[in-house]
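Novice: Fold the following and give me the result.
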Amino acid sequence: MTNNHLSKSLSTLSDTSPSVPKKQLYFPNLNGVRFIAAFSVLFHHIEQAKNVFGIDNIYTNHIIKQMGKQGVGLFFVLSGFLITYLLLHEKGKNQGINIKNFYIRRVLRIWPIYFIIVIAATLIFPNIPIMYEFSGNTKYNDPYFYPRLSLLLIVLPNLSFVFYELPYMCSQTWSIGVEEQFYYLWPWLIRANTWKKRLGIIAIFIAGTAAIFAFYFHFFTDYTTADLPKLLNFFMSQFRILMMVMGGLGAYLVFTKHAILKVLFLKKVQYIVYAILLTIIILGIQFKGLNLEVYSIFFCYFIVNVAANPDTIINLEYSVISYLGKISYGIYIYHIAVNIFVINLLKPYQNIWTNLHYNIVMYTFTVGLTILIASLSYHFLEQKLLAFKERFSH
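Specialist: I've put the predicted structure just below:
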């Protein structure tokens with residue numbers, strides 16, 4: 001690949017002059033990345049639910065057990081990449097960032113089906129027998145019902161996850177809370193032009209987060225100060241902002257057409273990096289204390305290459321994969337509820353069919369119904385909101 005080819009490829013993505021058509025911000029293969037992330041989480045949760053329901057499963061296999069974390073991690077890195085690139089593009093084009101419009105766009109994209117699953121999981125599903133979870137506390141009528149619900153309603157599900165158990169069918173929303181907090185912080189940091197301002201923004205963010213944490217800890221839990229280190233450790237283990245920052249770093253390299261991309265885009269480098277990644281996944285190698293952060297480096301490399309490298313050795317631009325990636329947010333939001341419904345529906349046959357027969361039917365119904373619901377959600381709700389969201393885009 002010549003330097004001219006590299007420059008030409010990246011210039012179509014990062015040109016910030018007013019004459020650049022908006023459509024040139026499209027990155028190839030990223031719907032395919034969403035597909036990989038969503039289906040990694042989907043398969044992980046299917047086997048997890050089978051394990052808890054006492055159905056034969058392969059959940060203890062280290063690859064299956066890590067698929068959920070890695071899928072969410074891939075989502076985080078991808079989110080950091082896209083959000084950072086768009087913010088850098090807007091700042092370069094308009095000499096500033098319209099943060100109000102940024103938040104409106106995020107609300108229109110994230111909140112509608114987030115609230116659908118939260119309301120359904122907390123108020124509707126507990127009253128429908130076929131949607132009962134494996135937990136004996138199916139109605140969640142415990143002393144923490146309202147504090148839990150309040151955190152969900154102010155889009156802090158990750159904090160609710162730390163203090164209280166979430167309804168299983170909206171347990172995946174903890175990652176939405178992490179994403180939202182990244183959005184609260186990141187545009188301000190990108191817009192700021194000095195490190196003094198950035199440090200002040202970070203200080204305000206930490207203080208605000210600490211205040212909310214302390215408020216709920218003091219007034220709405222029975223924990224003592226002795227439990228505080230454990231809770232803080234749990235919160236920080238879920239608060240994977242460094243993974244999104246890593247995606248942001250990748251966006252910066254692409255946006256600035258950094259010289260290091262000449263090396264990172266070499267085919268032999270791609271083969272080496274992907275071989276290392278597959279090896280650590282297959283062998284289940286863990287990096288204690290920084291496991292997901294190490295993986296995020298590989299994920300960032302993968303995303304930067306498939307998005308901006310004209311000589312990428314991986315092509316995900318297939319119609320089916322691209323479509324499933326397009327509806328991946330719905331797949332992520334709805335799949336657990338669908339899985340519980342299917343498991344309860346097939347309960348009478350659990351001890352009659354062979355394990356192979358049961359899994360074929362269960363997987364077919366779960367995956368098929370999840371795709372159907374996500375597709376209907378996308379076409380009849382999300383797509384309309386996405387069109388409206390364009391009014392707040394440059």
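Novice: residue ranges with poor pLDDT in the stretch 1-150 of the chain?
Specialist: Per-residue confidence for the stretch 1-150 of the chain (pLDDT under 70) gives these ranges: 1-24, 135-141.
Novice: again with the stretch 251-394 of the chain
Specialist: The model of the stretch 251-394 of the chain has pLDDT under 70 over residues 394.
Novice: now the helices: where do they sit in it?
Specialist: 261-264, 267-283, 291-308, 319-326, 328-345, 355-377, 383-389 (DSSP state H, counting those that start in this stretch).
Novice: now swap in the stretch 101-250 of the chain and tell me
Specialist: For the stretch 101-250 of the chain, applying DSSP H, counting those that start in this stretch gives helices covering 145-153, 157-163, 174-191, 195-219, 228-238, 241-255.
Novice: sorry, back to before: now, of the helices of the stretch 251-394 of the chain, which is deepest in the fold?
Specialist: Of the helices of the stretch 251-394 of the chain, the one with the most neighbours on average (mean count of other CB atoms under 10 Å) is helix 328-345, at a mean of 23. Any C-beta I mention is one placed from the backbone N, CA and C, and that applies to glycine too.
Novice: what's the angle between that helix and helix 319-326?
Specialist: Angle, helix 328-345 to helix 319-326, by axes from the mean of the first three to the mean of the last three CA atoms, to 10 degrees: 90 degrees.
Novice: by contact count, what packs against helix 328-345?
Specialist: In terms of contacts (3 or more CB pairs under 8 Å, 6 or more residues apart in numbering; DSSP states H and E), helix 328-345 is packed against helix 30-52, helix 99-119, helix 355-377.
Novice: Reformat the helices of the stretch 251-394 of the chain as TSV; add distance to Ile204.
Specialist: Below are the helices of the stretch 251-394 of the chain laid out as TSV (distance: least, CB to CB, whole Å):
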stretch	distance to Ile204
helix 261-264	34
helix 267-283	37
helix 291-308	24
helix 319-326	35
helix 328-345	29
helix 355-377	36
helix 383-389	27
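Novice: Which of those sits closest to Trp188?
Specialist: Among those, helix 383-389 comes nearest to Trp188, with 20.6 Å by CB to CB.
Novice: and the closest one, what does it pack onto?
Specialist: Looks like helix 383-389 contacts helix 99-119 (3+ CB pairs under 8 Å, 6+ apart).
Novice: Can you say which of the helices of the stretch 251-394 of the chain is nearest to Lys65?
Specialist: Of all these, it is helix 267-283 that lies closest to Lys65, at 11.7 Å by CB to CB.
Novice: Need the helices and strands packed on helix 328-345 in CSV (columns: distance to Ile303).
Specialist: Formatted as CSV, the helices and strands packed on helix 328-345 follow (distance: least, CB to CB, whole Å):
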stretch, distance to Ile303
helix 30-52, 6
helix 99-119, 19
helix 355-377, 22
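Novice: Could you tell me how many residues sit around the nearest residue to Ile260 once chain neighbours are set aside?
Specialist: Nearest residue to Ile260 in three dimensions, chain neighbours excluded: Leu253, at 6.6 Å (CB to CB, 6 or more residues apart in numbering). Using other CB atoms under 10 Å, Leu253 is surrounded by 19 other residues.
Novice: List the contacts of Leu253.
Specialist: Ile260, Leu261, Leu264, Val304 (CB atoms under 8 Å, 6 or more residues apart in numbering).
Novice: measure the first one to Leu249 for me?
Specialist: This means Ile260. According to CB to CB, to the nearest Å, Ile260 and Leu249 sit 11 Å apart.
Novice: Comparing those two, which shows the higher neighbour count?
Specialist: The neighbour comparison of Ile260 against Leu249 (other CB under 10 Å) goes to Leu249, with 19 against 8.
Novice: Touching, the more buried one and Cys300? I think so.
Specialist: Yes - counting by CB atoms under 8 Å, Leu249 touches Cys300, with 6.6 Å between them.
Novice: ok, so of the contacts of Leu253, who is nearest Asn101?
Specialist: Nearest to Asn101 among the contacts of Leu253, with distances taken as CB to CB, is Val304, at 26.5 Å.
Novice: re the thing from before, quick one: which of the contacts of Leu253 is nearest to Leu242?
Specialist: Checking the contacts of Leu253 against Leu242 with CB to CB, the nearest one is Val304 at 16.9 Å.
Novice: nearest spatial neighbour of the closest one, skipping sequence neighbours?
Specialist: Nearest residue to Val304 in three dimensions, chain neighbours excluded: Gly250, at 4.4 Å (CB to CB, 6+ apart).
Novice: any idea how far Val33 is from the one you found?
Specialist: 12 Å.
Novice: swap in Asn158?
Specialist: According to CB to CB, Asn158 stands 23 Å off from Val33.
Novice: What does Gly289 show for phi and psi?
Specialist: phi 90, psi -30 (degrees, to the nearest 10).
Novice: Can you give me the neighbour number for the residue nearest to Val304?
Specialist: Using other CB under 10 Å, Gly250 has 29 other residues around it.
Novice: same thing with the one 4 residues further on?
Specialist: Residues lying near Val254 (other CB under 10 Å) number 24.
Novice: quick one: it and Val306 touch, right?
Specialist: No - if you go by CB under 8 Å, Val254 and Val306 don't touch, sitting 11.5 Å apart.
Novice: Find the residues that touch each one of the two.
Specialist: By CB under 8 Å, 6+ apart, no residue touches both Val254 and Val306.
Novice: for Pro112, what are its contacts?
Specialist: Neighbour list for Pro112: Leu381, Glu382, Leu385 [criterion: CB under 8 Å, 6+ apart].
Novice: what sits against the second one?
Specialist: Okay, so that is Glu382. Residues in contact with Glu382 (CB under 8 Å, 6+ apart) are Arg109, Pro112, Ile113, Tyr329, Gly330.
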